[in-house]
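Enquirer: could you look at this predicted model? Sequence included:
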Amino acid sequence: MAKAIWNGAVLAESNNCEIVEGNYYFPPDSINQQYFKESNTHTNCFWKGEASYYTIEVEGKENQDAAWYYPRPQAKAKNIQDYVAFWRGVEVSA
(Lines give C-alpha, C1' and ligand atoms only; values in the text may rest on other atoms or scores of the structure.)
Protein backbone atom coordinates (compact mmCIF):
# COMPACT_ATOMS: atom_id res chain seq x y z
CA MET A 1 0.00 0.00 0.00
CA ALA A 2 1.40 3.39 -1.01
CA LYS A 3 0.98 6.26 1.42
CA ALA A 4 1.63 10.02 1.23
CA ILE A 5 2.34 11.81 4.53
CA TRP A 6 3.10 15.43 5.38
CA ASN A 7 3.26 17.14 8.77
CA GLY A 8 2.07 13.92 10.43
CA ALA A 9 -1.11 13.60 8.34
CA VAL A 10 -1.93 10.85 5.84
CA LEU A 11 -2.79 12.74 2.66
CA ALA A 12 -3.47 9.68 0.51
CA GLU A 13 -3.31 5.89 0.74
CA SER A 14 -3.91 3.33 -2.01
CA ASN A 15 -3.03 -0.03 -3.52
CA ASN A 16 -3.97 1.31 -6.96
CA CYS A 17 -1.38 3.99 -7.68
CA GLU A 18 0.03 4.58 -11.12
CA ILE A 19 3.79 5.15 -11.26
CA VAL A 20 4.91 7.60 -13.94
CA GLU A 21 8.45 8.98 -14.20
CA GLY A 22 9.16 7.74 -10.66
CA ASN A 23 6.16 9.52 -9.13
CA TYR A 24 3.28 7.76 -7.43
CA TYR A 25 -0.06 9.05 -8.71
CA PHE A 26 -2.85 8.33 -6.22
CA PRO A 27 -6.45 7.70 -7.38
CA PRO A 28 -8.81 10.61 -6.65
CA ASP A 29 -10.88 8.53 -4.22
CA SER A 30 -7.79 7.79 -2.08
CA ILE A 31 -7.15 11.46 -1.25
CA ASN A 32 -8.08 12.90 2.16
CA GLN A 33 -9.76 16.00 0.71
CA GLN A 34 -9.79 17.99 3.97
CA TYR A 35 -6.06 18.71 3.48
CA PHE A 36 -6.29 19.94 -0.13
CA LYS A 37 -6.94 23.47 -1.39
CA GLU A 38 -7.11 24.36 -5.08
CA SER A 39 -4.24 26.48 -6.34
CA ASN A 40 -4.11 28.82 -9.32
CA THR A 41 -0.79 27.29 -10.41
CA HIS A 42 -0.57 25.40 -13.71
CA THR A 43 2.38 23.90 -15.56
CA ASN A 44 2.71 22.05 -18.85
CA CYS A 45 4.29 18.73 -19.72
CA PHE A 46 4.87 18.07 -23.40
CA TRP A 47 3.41 14.54 -23.25
CA LYS A 48 1.04 14.63 -20.25
CA GLY A 49 -0.59 18.04 -20.79
CA GLU A 50 -1.47 20.82 -18.35
CA ALA A 51 -1.11 20.09 -14.65
CA SER A 52 -3.17 21.74 -11.93
CA TYR A 53 -1.98 22.03 -8.33
CA TYR A 54 -3.20 21.76 -4.76
CA THR A 55 -1.78 23.46 -1.69
CA ILE A 56 -1.68 21.11 1.30
CA GLU A 57 -2.79 22.44 4.69
CA VAL A 58 -2.30 20.43 7.89
CA GLU A 59 -2.57 21.79 11.44
CA GLY A 60 -2.39 25.39 10.22
CA LYS A 61 0.76 24.81 8.13
CA GLU A 62 0.67 25.20 4.34
CA ASN A 63 2.77 23.46 1.71
CA GLN A 64 2.21 25.55 -1.42
CA ASP A 65 1.56 23.58 -4.64
CA ALA A 66 2.78 20.33 -3.04
CA ALA A 67 0.40 18.14 -5.07
CA TRP A 68 -0.45 18.10 -8.74
CA TYR A 69 -2.84 16.34 -11.11
CA TYR A 70 -3.88 16.33 -14.77
CA PRO A 71 -7.61 17.09 -15.19
CA ARG A 72 -7.42 16.87 -19.01
CA PRO A 73 -4.31 14.86 -19.90
CA GLN A 74 -3.00 14.06 -23.34
CA ALA A 75 -4.03 10.66 -24.75
CA LYS A 76 -0.79 8.96 -23.62
CA ALA A 77 -1.47 9.97 -19.99
CA LYS A 78 -5.19 9.13 -19.74
CA ASN A 79 -4.36 6.49 -17.09
CA ILE A 80 -3.48 9.27 -14.60
CA GLN A 81 -6.42 11.59 -15.26
CA ASP A 82 -7.29 13.28 -11.93
CA TYR A 83 -4.74 11.11 -10.07
CA VAL A 84 -2.66 13.11 -7.57
CA ALA A 85 1.14 13.12 -7.17
CA PHE A 86 3.27 14.85 -4.52
CA TRP A 87 6.56 16.67 -3.98
CA ARG A 88 7.96 19.48 -1.76
CA GLY A 89 8.62 17.37 1.30
CA VAL A 90 5.61 15.07 1.15
CA GLU A 91 6.87 11.59 2.03
CA VAL A 92 5.61 8.86 -0.27
CA SER A 93 6.29 5.25 0.70
CA ALA A 94 5.14 1.98 -0.75
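Expert: Ah, there it is. Residues are numbered from 1 along each chain as shown.
Enquirer: Ser52 is in contact with Pro71, correct?
Expert: Yes. Counting by Cβ atoms under 8 Å, Ser52 is a contact partner of Pro71 at 5.7 Å. For glycine as for every other residue, the C-beta is placed from the backbone atoms N, C-alpha and C.
Enquirer: the protein: strands as residue ranges?
Expert: Counting by DSSP state E, the chain has these strands, from start to end: 2-6, 9-14, 18-20, 23-25, 36-45, 49-58, 61-69, 84-86, 91-93.
Enquirer: possible to save those as a markdown table with mean pLDDT and mean neighbour count?
Expert: Shown next, in a markdown table, are those (pLDDT from 0 to 100; neighbours: other Cβ atoms under 10 Å):
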| stretch | mean pLDDT | mean neighbour count |
| --- | --- | --- |
| strand 2-6 | 98 | 20 |
| strand 9-14 | 98 | 20 |
| strand 18-20 | 97 | 15 |
| strand 23-25 | 98 | 21 |
| strand 36-45 | 98 | 12 |
| strand 49-58 | 98 | 19 |
| strand 61-69 | 98 | 18 |
| strand 84-86 | 98 | 24 |
| strand 91-93 | 98 | 12 |
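Enquirer: could I get the ones you listed in a markdown table, plus columns for distance to Lys78?
Expert: Formatted as a markdown table, those follow (distance: least, Cβ to Cβ, whole Å):
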| stretch | distance to Lys78 |
| --- | --- |
| strand 2-6 | 20 |
| strand 9-14 | 18 |
| strand 18-20 | 11 |
| strand 23-25 | 12 |
| strand 36-45 | 14 |
| strand 49-58 | 10 |
| strand 61-69 | 13 |
| strand 84-86 | 15 |
| strand 91-93 | 22 |
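Enquirer: among those, which comes closest to Ala75?
Expert: Closest to Ala75 of the strands of the chain is strand 49-58 (Cβ to Cβ; 9.2 Å).
Enquirer: what pairs with that closest one, parallel or antiparallel?
Expert: Here strand 49-58 has these sheet partners by DSSP bridges: strand 36-45 (antiparallel), strand 61-69 (antiparallel).
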